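Visitor: task: produce atomic coordinates for the following.
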Amino acid sequence: MDYEMLRRRVEELPFIPDSQTAEVAIKSVLGHLASRMEEDQARVMTASFPPSLNYDTLRSHQQTVTTISVVQFIEDIREQFGFSTGDTHNLIRTIMHSAKGDFSPDTLQEWEKHLPEDWAEMVEEA
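Guide: Take a look at the predicted model:
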């Protein structure tokens, strides 16, 4: 994954005020995703990410898999940044689409296999 390209895509969203917000948003979205996987699978997924998005950065604070639903996840991101629901959906879609763009269909299917159905659908639809 090209982190600079991902950050630029997020920065280009009209509701993202600066690069710092873009970086925090990327870490928050991908951190939530990693927190929905078992540790072994989250480590495999994050091993493919750039060093700034490693396992320790995205999930080290999370001891167990969270049970948060996609609806709760969207609300958490919306509240964290103060975005509208539509902007929050756009942010998540942009990050997920960009993040998964560099991976093979087999890798993505492996990720989805280790996610709850609603999360797997969200990743697939991005």
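Visitor: any residues touching the helix or strand harbouring Thr94, and which ones?
Guide: Element membership for Thr94 (DSSP states H and E) is helix 85-100. If you take Cβ atoms under 8 Å, 6 or more residues apart in numbering as the criterion, helix 85-100 is touched by 1, 5-6, 9-10, 13, 15-16, 25-26, 29-30, 33, 49, 73-74, 77-78, 81, 83, 108, 122-123, 125-126. All C-beta spots, glycine's among them, are computed from the backbone N, C-alpha and C.
Visitor: compute the number of surrounding residues for Met1.
Guide: By the measure other Cβ atoms under 10 Å, the count of residues near Met1 is 15.
Visitor: in contact with it, which residues?
Guide: Ser48, Phe49, Pro50, Leu53, Ser98, Ala99, Gly101, Asp102 are the contacts of Met1 under Cβ under 8 Å, 6+ apart.
Visitor: same check, this time on Met122
Guide: Neighbouring residues of Met122 by Cβ under 8 Å, 6+ apart: Val70, Ile92, Met96.
Visitor: so which of these would you say is closest to Leu115?
Guide: Val70 (9.9 Å; Cβ to Cβ).
Visitor: next, count neighbours for the residue nearest to the closest one when sequence neighbours are not counted.
Guide: Once flanking residues are discounted, Val70 sits nearest to Asp118: 4.4 Å by Cβ to Cβ, 6 or more residues apart in numbering. Neighbourhood size, Asp118 [other Cβ under 10 Å]: 12.
Visitor: I'd say Asp118 and Ile68 touch.
Guide: No - the pair formed by Asp118 and Ile68 falls short of the contact definition of Cβ atoms under 8 Å, at 10.2 Å.
Visitor: next SSE after the helix or strand of the chain with the lowest mean pLDDT?
Guide: Lowest by mean pLDDT, DSSP states H and E among the helices and strands of the chain is helix 105-113, with a mean of 83. Scanning forward in sequence from helix 105-113 by DSSP H and E, the next helix or strand is helix 117-125.
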